[in-house]
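A.B. asks: Pasting a predicted model and its sequence here:
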Amino acid sequence: MKMKKLPHDQSTFLKKTNPDWARQVHNFFLGKLQADGNDLTTQVLLDGTGQAVGKILARESGVLAGREELEIFLEKFNCKWHLRDGEHFQKNQMLLEITAPAQDLLKSERVILNFLGRMCGVATLTREFSAKLEKSVFLAATRKTLWGALDKKAVSVGGGLTHRLNLQSAILVKENHIAVLQSNWGKIRRRLERFDLENSPPDFFWEIEVESAQQFSQVLANLPQTKAPGVIMFDNFQPATISSLLQEMENPPNIFFEASGNIGPENFLAFARTGVHVLSCGFLTENAVSADLSLRLSLH
């Protein structure tokens, strides 16, 4: 059976050709440089603006991520990349050569290494665990991230899904929304249908979080009839419970299933075998260790 297209991948927005993304990335790096302040050491020791070559080397193997974003940051300098995003690198392999004024390279050295190390670390971890899954199940980032959409971009490069990029990229009906609406599932259904009819943007999806078998049954009895795909998220369920619930039903058209909550390296495979399409995993970004990289300078 052909796999339905999952709505959890919004990585097309995280491209340097997207002006909004390019602006976010620029502001991210600007903030990091401003936080570092003036480079007093370089000011005292260096005169003039002599050119230097900075070579970024890997001290361990991993998956490259962050190239597109660094290209935005380093657009004024001459950069020679040896890998593309998503490609594996080995220990002692050169990733990038930057030709730029020595003062600029010294001031931005730690910003560059911290950024590239974090992005490669997340992508490498995502690739490692995604490789253990069947092709019909995907890992997705959560919004519990250190670097927001940048972390989600690294997850995407590693073979995972971004899920929502922000609060406006999808409707996610969670426990507090349900509580405020006093568990009126008919009202929730009607409002989702009305929004879909009047406002639904491209790549939009809606999602409802359920916390019990009873809530799952209530959602199934009140499934919104929409053009946009829908997702039912099992929050903090045991794998056996999810398996039982999904085996007892036929999959409605244009509806996907997701597991979330307390999913880690030790149990994600059990959740992957339940019949869900997506596992939302905070550990992809919370457990990631930055790749060990170094930058070596020489005069040009």
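C.D. replies: All right, it came through fine. Fair warning: this is a prediction, and the values are worked out from it, not measured in the lab.
A.B. asks: where do the strands sit along this protein?
C.D. replies: Counting by DSSP state E, the chain has strands at residues 51-58, 62-63, 78-81, 88-89, 94-101, 138-140, 171-173, 206-210, 230-235, 255-260, 278-280, 293-299.
A.B. asks: Looking at those, which is nearest to Gln43?
C.D. replies: Gln43 lies closest, by C-beta to C-beta, to one member of the strands of the chain: strand 94-101, at 13.2 Å. In this view, the C-beta of every residue, glycine as well, is placed from N, C-alpha and C.
A.B. asks: what angle sits between the closest one and strand 293-299?
C.D. replies: Per axes from the mean of the first three to the mean of the last three C-alpha atoms, to 10 degrees, the angle that strand 94-101 makes with strand 293-299 is 40 degrees.
A.B. asks: Who are the packing partners of strand 94-101?
C.D. replies: Packing partners of strand 94-101 (3 or more C-beta pairs under 8 Å, 6 or more residues apart in numbering; DSSP states H and E): strand 51-58, strand 78-81, helix 102-130.
A.B. asks: switch to 6 Å and redo it
C.D. replies: For strand 94-101, the packing partners by 3 or more C-beta pairs under 6 Å, 6 or more residues apart in numbering; DSSP states H and E come out as strand 51-58, strand 78-81.
A.B. asks: Only the buried residues of stretch 67-80, if you could.
C.D. replies: Within stretch 67-80, the residues scored as buried using 16 or more other C-beta atoms under 10 Å are 67-74, 77, 79.
A.B. asks: right, I mislabeled it, should have said stretch 38-48
C.D. replies: Under 16+ other C-beta under 10 Å, the buried positions of stretch 38-48 are Asp39.
A.B. asks: which residues are in contact with it?
C.D. replies: Residues from elsewhere that reach stretch 38-48, judged by C-beta atoms under 6 Å, 6 or more residues apart in numbering: 103, 106-107.
A.B. asks: rerun at 10 Å
C.D. replies: 33, 52, 101-109 (C-beta atoms under 10 Å, 6 or more residues apart in numbering).
A.B. asks: Kindly indicate the member of the residues you listed with the most neighbours.
C.D. replies: The residue in the contacts of stretch 38-48 with the most neighbours, by other C-beta atoms under 10 Å, is Ser108 (23 neighbours).
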